[in-house]
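>>> the following comprises the amino acid sequence and a computationally predicted model.
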Amino acid sequence: MKEFVLNVECFCLKDTLECGQCFRWQALDPEKNEYIGIIKDRVLKIKQEGNKLYIKSNVEENLEETVRHYFSLDENYVEIENRICKIDENIKNALENTSGLRLLKQDFFETLISYIISANNNIPRIKGSVQKIAERYGKKVTFEGEEYYLFPTLKELEKVTQKEFRECGVGFRDAYLVQTVQDILSHKIEEEEIKKLSTEELRKKLLTLKGVGQKVADCIMLFSCDRKEVFPIDVWVERVMAILYFRINDGKVKKKDILDYANTMFQQDAGIVQQHLFYNMREKKVLI
DNA sequence: TGCCAGGCCTTCC
DNA sequence: GGAAGGCATGGC
């Protein structure tokens, strides 16, 4: 199998994969910027050296197209970053650490299930649960002599019971998962249809699913429905916004006030700004 | 031991 | 419509 090389600019593989938007990529060697993961039905090994991406996959068909789409490589992030760094000093400072972070275009169903699991949970445990679900119910794929598991399809999760989900470590979210799978099977929401809706209408639809509240809905829209204007607010974002924009270090700011501020100031780039602020605070531990 | 984690649901005003 | 309490489970 041949290695495929792609030129990129304004792209950081590490920050894009480690900023918390996805749960299944694995660093092979953190020093080498090399990761292995799954996009839909194929396994990919990707390494970044400077402006070059080196890609291998078990499926060569449409490989470039798949990678370009998943990593949003055809979108002009130079322009986006130039625009957001002019908004304020906080964003400008954050970008010094996290320039090249891109929003992924992930699979809708996988994102939905993963973010239902994410509620009141921590990232290592979310990753563990998603991995267990894949190992139990997803299709096995062999790549370079190793075994990997695709994220299960809707059909593959059709008969999974509450107890079986719980055995994957999802805790009290087990019932939400069963209900959501059944709701999608019965066409309560249909991916192709809801993706055509306005962001407000789409959110309203997602909120009808059990285990999907405002924050989870916004993450699903941001990470799998290409809605860059949504601004998911979790405990971290609440904290970072309170400190940076409301000058409050040890108190609460109303979510509505944070949301109003983000919508007004960050506008169509709110989701990208959110990721930079979130990742900077959580991982890089940088506060201005 | 107690608190927290990329919150949401139900119940009760 | 808003506040309060409960919720599985692992890490610190």
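Structure received.
>>> DNA strand B contacts on the stretch 1-150 of chain A?
A:C19, A:G20, A:Q21, A:S118, A:A119, A:N120, A:N121, A:N122, A:I123, A:R125, A:I126 (Cβ under 7 Å from any atom of the strand). C-beta: built from backbone N, CA, C; applies to glycine.
>>> who in chain A is up against DNA strand C?
Listed as neighbours of DNA strand C in chain A under the rule Cβ under 7 Å from any atom of the strand: A:N120, A:N121, A:N122, A:P124, A:R125, A:R166, A:G169, A:G171, A:F172, A:K256.
>>> what's the spacing between the second one and A:D88?
Using Cβ to Cβ, to the nearest Å, one gets 31 Å for the distance from A:N121 to A:D88.
>>> about what we covered before: tell me the one of the residues of the stretch 1-150 of chain A next to DNA strand B nearest A:G138?
The nearest member of these to A:G138, counting by Cβ to Cβ, is A:I126 at 16.4 Å.
>>> how is chain A divided into domains?
As given by automatic domain parsing, the domain ranges for chain A are A:4-74, A:108-224, A:235-282.
>>> ok so, going back, which of the residues of chain A next to DNA strand C sits closest to A:A94?
Set against A:A94, the nearest of the residues of chain A next to DNA strand C by Cβ to Cβ is A:N122 (22.6 Å).
>>> burial measure for the closest one, as a count.
If you count neighbours by other Cβ atoms under 10 Å, A:N122 ends up with 9.
>>> which one of the residues of chain A next to DNA strand C has the most neighbours?
The most crowded member of these, judged by other Cβ under 10 Å, is A:G169 (18 neighbours).
>>> thinking that residue is in contact with A:S129, fair?
Yes. Contact criterion Cβ atoms under 8 Å: A:G169 and A:S129 qualify, at 4.6 Å.
>>> does A:L103 sit in a helix, a strand or a coil?
coil (DSSP: H, G, I helix; E, B strand; the rest coil).
>>> distance check, it against A:R203.
17 Å.
>>> C-alpha coordinates for stretch A:190-207, CSV please?
Output in CSV follows, covering the C-alpha atoms of stretch A:190-207 (Å, rounded to 0.1, in the frame of the first residue of the first chain):
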residue,chain,number,x,y,z
GLU,A,190,-33.5,11.6,10.0
GLU,A,191,-30.0,12.7,9.4
GLU,A,192,-30.4,13.7,5.8
GLU,A,193,-33.5,15.7,6.6
ILE,A,194,-32.4,17.5,9.7
LYS,A,195,-29.1,18.6,8.2
LYS,A,196,-31.1,20.7,5.8
LEU,A,197,-32.7,22.7,8.6
SER,A,198,-31.7,26.0,10.0
THR,A,199,-29.5,25.9,13.1
GLU,A,200,-32.4,26.8,15.4
GLU,A,201,-34.6,24.2,13.9
LEU,A,202,-31.9,21.6,13.9
ARG,A,203,-31.2,22.2,17.6
LYS,A,204,-34.9,21.9,18.4
LYS,A,205,-35.0,18.5,16.7
LEU,A,206,-31.9,17.2,18.5
LEU,A,207,-33.3,18.4,21.8
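>>> for it, give the mean pLDDT please.
Here stretch A:190-207 scores 97 as its mean pLDDT.
>>> wait, doesn't A:E18 sit right on A:R282?
No. A:E18 is beyond contact range of A:R282, at 10.1 Å (criterion: Cβ under 8 Å).
>>> and the next element down the chain from the helix or strand of chain A with the lowest mean pLDDT?
Lowest by mean pLDDT, DSSP states H and E among the helices and strands of chain A is strand A:26-29, with a mean of 90. The helix or strand immediately downstream of strand A:26-29 is strand A:34-39, counting by DSSP states H and E.
>>> tell me the strands beside that next one, with direction?
When pairing is defined by DSSP bridges, strand A:34-39 lines up against strand A:26-29 (antiparallel), strand A:42-49 (antiparallel).
>>> remind me which residues of chain A are low pLDDT?
Within chain A, the stretches with pLDDT under 70 are A:30, A:284-288.
>>> now it against DNA strand B: closest residue?
A:G213 (2.4 Å; Cβ to the nearest atom of the strand).
>>> separation between the nearest residue to that residue once chain neighbours are set aside and A:D257?
The shortest distance from A:G213 to any non-neighbouring residue, by Cβ to Cβ, 6 or more residues apart in numbering, is to A:L207 (7.0 Å). Per Cβ to Cβ, A:L207 is found 21 Å from A:D257.
>>> helices and strands around the helix or strand containing A:T111, which ones?
Using DSSP H and E, A:T111 sits within helix A:108-117. Using 3 or more Cβ pairs under 8 Å, 6 or more residues apart in numbering; DSSP states H and E, the elements in contact with helix A:108-117 are helix A:123-137, helix A:174-185, helix A:214-224.
>>> much appreciated, bye for now.
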